[in-house]
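In: Give me the fold of what follows.
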Amino acid sequence: MIMVGQAGARPGYRQLVPLLEFEGGPREFWELWTRAARSYLEADLAILYLGSGEGGERGEGRWSILAVAPPLKDGERERLPKLTDSATAELLAEARAQGNALGEARQGGWSLGLVSLNPESVARELVLCVHLSRGARERVSLPALGLLSLIPILYERRRAELRLERDLARLSEMLEVLGHLLGAERFDQAALLFVNELAERFGCEQVSLSWRSREGLRLAALSHSEKVERRSELTALLEEAGQEAVSQEREILYPGQGKVVTIAHRRYAEVRRPGNLLTLPLTFLDTPMGAVLLERQAMAFTQAEQWVLRLLCDQATRPLRDLESRQRPLYRRLVTEVGASLPRQWRPETPEGRRLAWGLVIVVVIFLGIPIPYRVDASAVIKTDAMAFVGAPFDGYIAAAPVTLGAEVKAGETVLEMVTQELLLEQAGGLADLAQYGREVEKKRAANQLAEMRIAESQYSQTRAKLSQVEYRLSQARVTTPITGVVVEGEPQKNLGGAVKRGETLVKIAAVHDLYAEVRIDERDVYQVAEGQKVSLVLVANPGTTAELQITRVVPSPAVVEGRNVFPVRAEPTSPYPSWWRPGMSGVAKIGVGRRSLIWIATHRLVDFLRLNLWI
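Out: Just a heads-up that it's a prediction; the model follows:
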């Protein structure tokens with residue numbers, strides 16, 4: 001408190017106050033601080049020296065002048081004394097140790113006040129040297145110099161706080177962008193979202209993302225563009241610019257960046273004229289993945305923006321790489337993962353890796369040539385030779401149907417009954433007519449009327465024939481099954497009283513003995529099938545059970561099933577079949593046709609297609 005009170009009593013104290021809230025750049029601050037220090041200490045001359053970082057603790061290295069007060073004209077600064085010419089090594093060492101020091105100059109009769117600083121804004125040592133007259137020396141004390149050294153400390157703290165606020169804001173933006181990327185489901189969607197976010201947040205006219213492929217980098221996304229024109233000149237130049245940054249493994253700022261090669265960027269700039277370019281390579285575990293190129297007309301990219309972009313790209317590479325990997329075909333993902341898991345000495349680019357690769361190729365070739373059992377796949381249906389179709393014996397109506405669908409019936413069992421009331425009436429009328437015509441015959445015979453007798457006899461015979469027909473229909477009114485089996489089609493009980501016509505099939509009965517499988521062979525494979533071959537059958541009704549059959553006949557009459565020609569093949573069980581088998585059951589059959597090599601199994605369909613279409 002005494003120091004501050006004494007300092008506040010000095011006339012130049014008011015010039016230090018604005019520096020407490022100064023938010024400008026370091027260069028301007030040090031110039032203002034040097035002037036304020038001269039005024040505050042009532043010094044004749046104040047010089048702020050910047051050290052070179054050499055010379056050890058005695059300060060014998062090279063010093064350059066960063067600021068001077070009062071301001072000098074051009075050429076006058078060169079006549080100013082060097083720090084080592086004004087201050088002794090002991091005085092400078094004391095200032096470094098304690099932060100400030102007072103002493104006598106080596107020449108000129110001046111008194112010197114030294115303030116030693118190591119601020120972050122310049123990353124090197126600063127020494128303020130104030131030249132005091134004899135009268136001013138008596139009014140300057142070490143606490144006053146200590147107050148001067150507090151001003152840069154406060155300034156550095158404010159700058160650190162501002163940097164922290166900016167870093168937090170940038171971190172928040174980065175997390176927001178990454179959140180959007182992680183929400184994407186496809187690589188192209190994430191790539192477009194990424195370049196659009198960069199264009200919006202950094203005020204760029206265009207941002208492009210080039211991603212790795214077998215041929216090098218290929219343009220994957222262009223800001224504010226749903227589709228990418230891959231065969232244009234600008235696209236090729238963009239890909240070359242991205243490849244240029246990836247090849248050098250460093251960022252490229254165009255125009256102007258020292259010794260970095262920017263040939264591709266210059267070519268692109270000559271065509272596009274984008275103003276300012278910044279290209280950042282994208283890497284994952286030291287593996288180049290792609291590059292981002294930003295274009296902005298307004299102003300060049302600052303160091304702070306480059307730092308943020310570098311961080312954003314580093315964090316975005318992993319989710320982009322994961323999305324792109326998930327979209328690759330399975331075989332490419334497998335090759336990539338296997339290659340990445342190999343030790344470095346076994347990778348293909350090393351001699352050991354090449355020998356391993358050739359060995360694997362030989363093993364694969366031998367493996368593909370090994371013959372293995374080959375089976376032809378086909379659909380199959382259970383059938384039987386004994387099948388009965390029960391129909392209506394005459395035109396009429398159904399009176400009763402005791403059987404249901406799926407019921408087991410025996411030979412001679414009633415399947416359905418027809419309505420007979422009308423037939424009985426016809427029978428009664430026929431009997432009456434027959435008796436009448438019989439009496440007429442006897443009457444005409446007694447009267448010796450031969451012609452009339454013959455007519456009456458004809459009418460009698462005709463009525464007798466009609467009566468025989470009615471009696472036959474009555475005998476057929478009860479319909480029975482001719483075989484023992486299962487009702488597989490027809491439900492006449494649901495049509496009781498309904499009219500039916502003679503010959504109309506009402507019930508279909510299939511015998512459950514002597515079942516066999518009808519295998520439908522595609523015409524592409526029928527040449528491989530022959531009698532006596534083994535067949536494995538799995539039915540949909542019970543996939544856990546496999547039945548063994550044998551081909552007994554290949555029917556040379558194709559049928560069209562679902563638009564393809566198939567040949568029916570009869571396969572009979574080689575052992576008793578299960579009791580739950582029923583005609584009409586379907587499944588999948590596999591026919592053993594011999595041994596074939598793996599390469600033939602994998603390629604014969606393609607070879608057949610090429611032979612049919614290209615005649616090779």
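
In: ok, now how distant is P288 from S213?
Out: Per C-beta to C-beta, to the nearest Å, P288 is found 12 Å from S213. C-betas here are computed from N, CA, C, even on glycine.

In: One more: A357?
Out: A357 is 22 Å from S213, where distance means C-beta to C-beta.

In: where along the stretch 151-300 of the chain do the strands fall?
Out: Counting by DSSP state E, counting those that start in this stretch, the stretch 151-300 of the chain has these strands, from start to end: 206-213, 216-222, 252-254, 276-284, 287-296.

In: Those: which one's closest to G592?
Out: Nearest to G592 among the strands of the stretch 151-300 of the chain is strand 206-213 (45.4 Å), distances taken as C-beta to C-beta.

In: so how far is the longest strand belonging to the chain from its chain's centroid?
Out: When the chain is scanned for its longest strand (criterion: DSSP state E), the result is strand 371-384. Offset of strand 371-384 from its chain centre (C-alpha atoms, centre = their mean, to the nearest Å): 37 Å.

In: Quick check: buried residues in it?
Out: 374-376, 378-384 (16 or more other C-beta atoms under 10 Å).

In: now swap in stretch 286-301 and tell me
Out: The neighbour-count check on stretch 286-301 (16+ other C-beta under 10 Å) flags 288-296, 301 as buried.

In: picking up where we left off before, which elements pack onto the longest strand of the chain?
Out: strand 515-522, strand 534-539, strand 564-573, strand 586-597, helix 598-614 (3 or more C-beta pairs under 8 Å, 6 or more residues apart in numbering; DSSP states H and E).

In: same for the helix or strand following that strand, what does it pack against?
Out: Counting by DSSP states H and E, the next helix or strand C-terminal to strand 371-384 is strand 387-391. Packing partners of strand 387-391 (3+ C-beta pairs under 8 Å, 6+ apart): strand 505-510.

In: at 10 Å instead, please
Out: strand 414-418, strand 478-480, strand 485-489, strand 505-510 (3 or more C-beta pairs under 10 Å, 6 or more residues apart in numbering; DSSP states H and E).

In: CA atoms of it as CSV?
Out: Output in CSV follows, covering the C-alpha atoms of strand 387-391 (Å, rounded to 0.1, in the frame of the first residue of the first chain):
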residue,chain,number,x,y,z
MET,A,387,-54.8,-90.6,-56.7
ALA,A,388,-58.6,-90.7,-56.8
PHE,A,389,-60.9,-87.9,-58.1
VAL,A,390,-64.4,-88.3,-56.7
GLY,A,391,-67.1,-86.4,-58.7
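
In: what does it rub up against?
Out: 403, 409, 411, 415-416, 479-485, 487-490, 492, 500-511, 583 (C-beta atoms under 10 Å, 6 or more residues apart in numbering).

In: Stretch 466-474 now?
Out: Counting by C-beta under 10 Å, 6+ apart, 393-396, 418, 420, 422-431, 433-434, 502 sit against stretch 466-474.

In: give me that answer again for 6 Å
Out: The contact list for stretch 466-474 (C-beta atoms under 6 Å, 6 or more residues apart in numbering) reads 394, 420, 423, 426-427, 430.

In: Name the residues of it that come out as buried.
Out: 466-467, 470, 473.

In: buried residues in stretch 106-117?
Out: 110-117.

In: could I get these as CSV with secondary structure?
Out: As requested, the buried residues of stretch 106-117 are arranged in CSV below (DSSP: H, G, I helix; E, B strand; the rest coil):
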residue, secondary structure
W110, coil
S111, strand
L112, strand
G113, strand
L114, strand
V115, strand
S116, strand
L117, strand
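
In: what about the lengthiest helix in the chain, distance to the chain center?
Out: Counting residues, the longest helix found in the chain (DSSP state H) is helix 142-183. Helix 142-183 has its C-alpha centroid displaced from the chain centroid by 40 Å (C-alpha atoms, centre = their mean).

In: what's the angle between it and strand 111-117?
Out: Using axes from the mean of the first three to the mean of the last three C-alpha atoms, to 10 degrees, the inter-axis angle of helix 142-183 relative to strand 111-117 is 20 degrees.

In: could you dump the helices and strands packed on strand 387-391 to CSV with mean pLDDT?
Out: CSV is the format used below for the helices and strands packed on strand 387-391 (pLDDT from 0 to 100):
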stretch, mean pLDDT
strand 414-418, 84
strand 478-480, 85
strand 485-489, 82
strand 505-510, 83
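
In: so can I have JSON lines of those showing distance to P578?
Out: Output for the helices and strands packed on strand 387-391, formatted as JSON lines (distance: least, C-beta to C-beta, whole Å):
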{"stretch": "strand 414-418", "distance to P578": "27"}
{"stretch": "strand 478-480", "distance to P578": "29"}
{"stretch": "strand 485-489", "distance to P578": "15"}
{"stretch": "strand 505-510", "distance to P578": "16"}
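
In: Can you tell me which of those strands is nearest to I263?
Out: Comparing these under C-beta to C-beta, the one sitting nearest is strand 485-489, at 82.5 Å.

In: hang on, the earlier thing: listing partners with orientation, what would you give for the longest strand of the chain?
Out: Partners of strand 371-384 in the sheet, by DSSP bridges, are strand 515-522 (antiparallel), strand 586-597 (antiparallel).

In: Could you export the first one as CSV, keeping only the C-alpha atoms?
Out: Yep, that's strand 515-522 we're talking about. C-alpha atoms of strand 515-522 as CSV (Å, rounded to 0.1, in the frame of the first residue of the first chain):
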residue,chain,number,x,y,z
LEU,A,515,-44.8,-91.9,-51.9
TYR,A,516,-42.0,-90.4,-53.9
ALA,A,517,-40.4,-86.9,-54.5
GLU,A,518,-40.7,-85.1,-57.8
VAL,A,519,-37.5,-83.0,-58.0
ARG,A,520,-37.6,-80.1,-60.5
ILE,A,521,-34.1,-79.7,-62.0
ASP,A,522,-33.2,-76.4,-63.7
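
In: now it against strand 534-539, angle please.
Out: 100 degrees.

In: Show me how far strand 515-522 is from its chain's centre.
Out: On C-alpha atoms, centre = their mean, the centre of strand 515-522 falls 43 Å from the chain's centre.

In: No further questions, thank you.
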